[in-house]
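Q: coords below, sequence missing:
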């Protein structure tokens, strides 16, 4: 959720809140699309937040959707592979009867 993002990365959350409350022309001021750029082992990569996102500008009308999709990507989609591997290993070590002690 956005509250989780605010706690984990407060500066990013403040920037997104400023985008949501900006009074001017969001599209021409921020020049953003529904695409994020991130570093992967020293290489810059891009990911679309939705199909066709690289050609969809963020506007005053759709900025809440952008923030929602960006938050979901950052906290879920971008770490899905790593979390799945962690969960698999955790359940191998702590699964079954050992995990049942905590429920």
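A: Received the coordinates, thanks. All values derive from a computational prediction rather than experimental measurement.
Q: so how far is stretch 78-90 off the chain centroid?
A: Centroid separation for stretch 78-90 versus its chain: 16 Å, with CA atoms, centre = their mean, to the nearest Å.
Q: Give me the distance between the residue nearest the centre of the chain and residue 56.
A: By CA atoms, centre = their mean, the chain has its centre lying nearest to residue 74, at 2.0 Å. Distance, residue 74 to residue 56, by CB to CB, to the nearest Å: 18 Å. (Each C-beta comes from the backbone N, C-alpha and C, glycine too.)
Q: Also residue 4?
A: Applying CB to CB, the value for residue 4 to residue 56 is 25 Å.
Q: So for the two, which residue has more residues nearby?
A: Between residue 4 and residue 56, counted using other CB atoms under 10 Å, residue 56 has the larger neighbour count: 18 against 12.
Q: what's around the closest residue to residue 19 other than its chain neighbours, how many residues?
A: Sequence neighbours aside, residue 63 is the residue nearest to residue 19 in space, at 5.8 Å (criterion: CB to CB, 6 or more residues apart in numbering). Neighbour count for residue 63, taken as other CB under 10 Å: 19.
Q: residues touching residue 63, list them.
A: Counting by CB atoms under 8 Å, 6 or more residues apart in numbering, residue 63 makes contact with 19, 20, 22, 26.
Q: Out of those, which sit inside helices?
A: Counting by DSSP state H, the part of these found in helices is 19, 20, 26.
Q: in the chain, what spans have low per-residue confidence?
A: 95-103 (pLDDT under 70).
Q: can you map out the strands along it?
A: All strands of the chain, identified by DSSP state E, fall at 35-40, 43-48.
Q: got CSV for those strands, with distance to residue 13 too?
A: Output for those, formatted as CSV (distance: least, CB to CB, whole Å):
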stretch, distance to residue 13
strand 35-40, 15
strand 43-48, 20
